[in-house]
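Enquirer: Below are the sequence and a predicted model for it; my questions follow.
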Amino acid sequence: MRDVAVVAFAQSHHVRREQQRNEVEMVMPVLHQVKADAGLDQSQIDFTCSGSTDYLAGSAFSFVMTLDGVGASPPISESHVEMDGAWALYEAWVKIQTGAADTALVYAYGKSSPGDLRSVLTRQLDPYFQAPLWPDSVAMAALQARACIEAGVTSVEEMAEVAARSRRSAADNPYAYLQGSDDPAVLLKEPEIAAPLRKHDCAPITDGAAAIILAAGDRAREISDAPAWIRGIDHRIDAHGIGLRDLTVAASARLAAEKAGVGAGPVDVAELHAPFTHQEVLVRSALGLGDGVSVNPSGGPLAANPMIAAGLIRIGEAAGRISRGEAGRAVAHATSGPCLQQNLVCVLEGSNT
């Protein structure tokens with residue numbers, strides 16, 4: 001296996017509604033920033049992979065327009081995944097493993113504000129039995145949260161604690177959308193929007209973008225004085241049908257964590273892509289994270305959740321902690337699909353030993 005590291009990461013300032021710029025204009029500054037941070041131009045990048053979704057953009061092959069942001073010259077080797085950018089990073093990592101590339105640019109973006117996100121996400125469901133009923137993403141998560149509470153996995157009080165901690169942590173993150181230090185007791189006075197979920201239990205609708213540059217071996221050491229080495233990465237998927245799986249466990253997250261080697265050493269920091277408070281509890285358990293682990297010090301998706309970019313941001317945030325010397329070993333997690341259906345886990349370390 002080739003040693004591969006995150007050598008640069010950039011993201012936009014995430015907002016509730018980006019009204020002034022389209023997707024290309026939103027992505028371009030992020031792409032320029034990540035390449036500048038790495039000291040590279042496009043001719044020095046061997047492979048480019050993006051994550052996006054036509055459902056958000058409202059047009060077919062919408063990723064093609066953002067290639068204008070990458071640049072028309074020189075010609076590039078390019079690919080695309082129709083899901084979170086964390087999976088685009090996985091594809092780029094595989095490309096580097098084959099020896100076909102030594103460097104890769106990965107980027108993702110999402111504008112959720114123009115449409116009804118909850119309705120759009122029903123298109124993820126089984127088209128014969130579930131989608132015709134139009135259960136939106138929050139309603140599905142509420143069913144899962146209720147099952148977790150009744151099974152004793154979590155409680156509304158613990159869920160409020162997760163939300164409050166996320167907002168406190170986000171106060172130090174200039175890119176986060178929601179920031180503050182709300183008291184859990186105050187949050188619990190909010191009305192339920194889909195029992196037992198309240199507004200604070202749900203990730204905010206967010207527009208934003210992110211980009212990462214990967215490099216292999218000596219090339220990574222040339223680019224960065226403190227690369228964050230990917231020591232393990234894996235992704236797994238649960239059954240598509242909601243009724244075919246136990247919603248009180250994150251089975252595919254547990255398997256991905258095992259295959260990625262999360263348990264091979266102590267974890268200092270974990271960036272978890274849990275769009276609902278009860279899902280953070282589930283993912284923490286699935287990854288076997290103890291009480292001493294700093295979870296979502298960036299504020300996580302409960303502070304800013306740009307669809308399609310949020311999982312890639314978790315990897316970038318975890319890598320940043322490594323590169324700044326704030327953690328020796330970190331775990332990043334991304335999810336896609338309803339109720340934690342698909343999960344990716346990435347383990348990063350700071351020394352290439």
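Expert: Happy to help now that I have it. These numbers were taken from a predicted model, which means no experiment stands behind them. Numbers count the residues shown, from 1 in each chain.
Enquirer: hey, which helix or strand in the chain has the poorest pLDDT?
Expert: The helix or strand of the chain with the poorest confidence is helix 54-57; it has a mean of 82 (mean pLDDT, DSSP states H and E).
Enquirer: Can you name every helix or strand that the helix or strand following it contacts?
Expert: Toward the C-terminal end, the helix or strand that comes next after helix 54-57 (DSSP states H and E) is helix 63-70. Judged by 3 or more C-beta pairs under 8 Å, 6 or more residues apart in numbering; DSSP states H and E, helix 63-70 is in contact with helix 23-38, strand 47-51, strand 78-81, strand 103-111. Just so you know, the C-beta spots here come from the backbone N, C-alpha and C atoms, and that holds for glycine as well.
Enquirer: Direction included, what does the last one pair against?
Expert: What that stands for is strand 103-111. Under the criterion DSSP bridges, strand 103-111 sits next to strand 47-51 (parallel), strand 207-216 (antiparallel) in its sheet.
Enquirer: Helices of this structure, start to end?
Expert: Assigned by DSSP state H, the chain shows helices spanning 23-38, 54-57, 63-70, 85-97, 117-120, 137-150, 156-170, 184-187, 217-223, 251-260, 277-287, 310-323.
Enquirer: And the contacts of the third one?
Expert: Surrounding helix 63-70, the residues in contact under the criterion C-beta atoms under 8 Å, 6 or more residues apart in numbering are 23-24, 27-28, 31, 42, 48, 50, 52, 76, 78, 80, 105, 107, 109.
Enquirer: among the residues you listed, which ones are buried?
Expert: 23, 27-28, 31, 42, 48, 50, 52, 76, 80, 105, 107, 109 (16 or more other C-beta atoms under 10 Å).
Enquirer: Ok, which of the helices and strands packed on helix 63-70 comes nearest Val267?
Expert: strand 103-111 (23.1 Å; C-beta to C-beta).
Enquirer: and the angle from that closest one to helix 85-97?
Expert: 170 degrees (axes from the mean of the first three to the mean of the last three C-alpha atoms, to 10 degrees).
Enquirer: could you dump strand 103-111 to PDB, C-alpha only?
Expert: Extracted as PDB, the C-alpha positions of strand 103-111 are listed here (Å, rounded to 0.1, in the frame of the first residue of the first chain):
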ATOM      1  CA  THR A 103      -1.500  13.900  -6.400                       C
ATOM      2  CA  ALA A 104      -5.200  14.400  -6.400                       C
ATOM      3  CA  LEU A 105      -7.600  17.300  -6.000                       C
ATOM      4  CA  VAL A 106     -11.000  16.400  -4.400                       C
ATOM      5  CA  TYR A 107     -13.800  18.900  -4.000                       C
ATOM      6  CA  ALA A 108     -17.500  18.900  -3.200                       C
ATOM      7  CA  TYR A 109     -20.300  21.500  -2.900                       C
ATOM      8  CA  GLY A 110     -24.000  21.800  -2.200                       C
ATOM      9  CA  LYS A 111     -26.600  24.400  -2.300                       C
END
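Enquirer: Spatially central residue in the chain, please.
Expert: Closest to where the C-alpha atoms of the chain average out (C-alpha atoms, centre = their mean) is Gly311, at 1.0 Å.
Enquirer: Just give the nearest non-adjacent residue to that one, would you?
Expert: Spatially, and ignoring its direct neighbours in sequence, Gly311 is nearest to Ala334 (2.6 Å; C-beta to C-beta, 6 or more residues apart in numbering).
Enquirer: List the beta-bridge partners for the one you found.
Expert: Leu344.
Enquirer: check contacts around it.
Expert: Remark: with contacts taken as C-beta under 8 Å, 6+ apart, Ala334 is in contact with 84, 86-87, 235, 273, 310-312, 314-315, 343-344, 346.
Enquirer: 10 Å instead, please
Expert: With contact set as C-beta atoms under 10 Å, 6 or more residues apart in numbering, Ala334 has these partners: 51, 83-87, 89-90, 235, 253, 256, 271-273, 301, 310-315, 342-346.
Enquirer: Could you do Leu187 as well?
Expert: Neighbour list for Leu187: 156-157, 159-161, 163-164, 167, 198-201, 277 [criterion: C-beta under 10 Å, 6+ apart].
Enquirer: re earlier: so which of the strands paired with strand 103-111 is the most packed in?
Expert: A comparison of those by mean neighbour count, using mean count of other C-beta atoms under 10 Å, puts strand 207-216 on top with a mean of 28.
Enquirer: hang on, Gly71 packs against Leu31?
Expert: Yes - counting by C-beta atoms under 10 Å, Gly71 touches Leu31, with 8.4 Å between them.
Enquirer: I'm done for today, thanks for sticking with me.
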